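>>> Requesting a structural model of the entry that follows:
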Amino acid sequence: MSEAYYLVPTQFFKNLSMAESLFEVPKFRKGLNITPDWLWAPKSFPIDIDTGEDWTEEDMLVWKYIYSEFESHLQSVCDFSGYDEKDLRHIWFHLQEDVWDPDDPSALQNDDIHKDIFENMYKVINMQVYMGDTRTQEDEVLGTMFWEYVGDNPDKDLGSEFGEYVISHNPSVFELIGHAPYKKNTAIMYNPGYNGIWHSAPTHEVLNENNVAKITRKSVIARYCFNGQIQ
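All right, here's what the predicted structure looks like:
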């Protein structure tokens, strides 16, 4: 895994309209996360956190399709990471929607430089599929940015969780080493974990430099979690 990320060379979702429906149904959007404990049982996980609506048969078909697409890339994930397919613990899903508005100083506040650290979870690979419309070449900067820590005082510069450094307190001590292109139905793979790579949404500075107009940044993220510790 010498590169910051791997760009999947083909369009990810073969049935793009079905994947897009995730963002069109309010109860999908409001549910946010599909947890590892969800086992295709309609009443085991209410999607809508406001109404408590349960899964319908149509909902199940959508998510079975989404799951099948990500599962079909498991071998590629293992080739990229060096992890063993037999050690897969689960695939965890997340829908991400962020609004960038140059006239709103509070927009896109998740542009912090961070790692994704979870207790007792050491082998993690993200597959992130960009789903928003790409309007111009400049909009490609909406893709994920990758960073290298070049400071010499991590205890001061970085926050920690579960005993591992997880978030930047001082972005000036990071160097940009990669920036994925943001194109609809395009996927990237990367290691976001404690032995992985620092990453962020595009920073306000980059978005302003490229004159990106108001837009919603959308992604479907699958987190492949494997058993075992890093040797």
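
>>> Contact partners for Leu7?
Residues near Leu7 by C-beta atoms under 8 Å, 6 or more residues apart in numbering: Ala180, Pro181, Thr186, Ala187, Ile188. Using the backbone N, CA and C atoms, a C-beta is placed for each residue, glycine as well.

>>> again but with Phe118, I slipped
Val124, Phe162, Gly193.

>>> Neighbours of the second one, how many?
Other residues within reach of Phe162 by the criterion other C-beta atoms under 10 Å amount to 11.

>>> What about the residue lying closest to it once chain neighbours are set aside, how many residues nearby?
Leaving out its chain neighbours, the residue that sits closest to Phe162 by C-beta to C-beta, 6 or more residues apart in numbering is Glu119, at 4.9 Å. Residues near Glu119, counting by other C-beta under 10 Å, number 8.

>>> What ranges does the protein have for its helices?
16-24, 26-31, 57-71, 74-81, 154-157, 204-209 (DSSP state H).

>>> rank these by mean pLDDT and give me the bottom one.
The stretch with the lowest mean pLDDT among these is helix 26-31, at a mean of 57.

>>> Among the contacts of Leu7, which one is most surrounded by other residues?
Ala187 (27 neighbours).

>>> Surely it and Gln128 touch.
Yes: Ala187 lies in contact with Gln128 (C-beta atoms under 8 Å); the separation is 6.6 Å.

>>> How about His114: what's its closest non-neighbour residue?
Ile167 (4.5 Å).

>>> Please report how far that neighbour lies from Ile117.
Computed as C-beta to C-beta, to the nearest Å, the Ile167 to Ile117 distance reads 9 Å.

>>> Those two - which one has more neighbours?
Ile117 (20 against 14).

>>> wait, the more buried one sits on Trp198?
No: between Ile117 and Trp198 there is no contact under C-beta under 8 Å: 11.5 Å.

>>> Just list the residues touching Tyr83, thanks.
Applying C-beta under 8 Å, 6+ apart, the residues near Tyr83 are Val77, Lys123, Ile125, Phe226, Gly228.

>>> Dump the residues you listed to TSV, plus distance to Asp84 and neighbour count.
Formatted as TSV, the entries for those read as follows, by distance: C-beta to C-beta, whole Å; neighbours: other C-beta atoms under 10 Å:
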residue	distance to Asp84	neighbour count
Val77	11	22
Lys123	9	23
Ile125	12	25
Phe226	7	20
Gly228	8	11
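
>>> Thr216 pairs with what?
Val99 (DSSP bridges).

>>> and it, how many neighbours does it have?
Neighbour tally, Thr216, other C-beta under 10 Å: 15.

>>> got the contact list for it?
Thr216 is in contact with Glu97, Asp98, Val99, Trp100, Gly132, counting by C-beta under 8 Å, 6+ apart.

>>> Ranking helices and strands of the protein by mean pLDDT, which lands last?
In the chain, no helix or strand scores lower on mean pLDDT, DSSP states H and E than strand 33-34, which sits at a mean of 48.

>>> Just the buried residues from the contacts of Thr216, in ChimeraX please.
Buried members of the contacts of Thr216, defined by 16 or more other C-beta atoms under 10 Å, are picked up in ChimeraX with:
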select :98,100,132
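
>>> so which of the contacts of Thr216 would you say is closest to Gly151?
Asp98 (26.9 Å; C-beta to C-beta).
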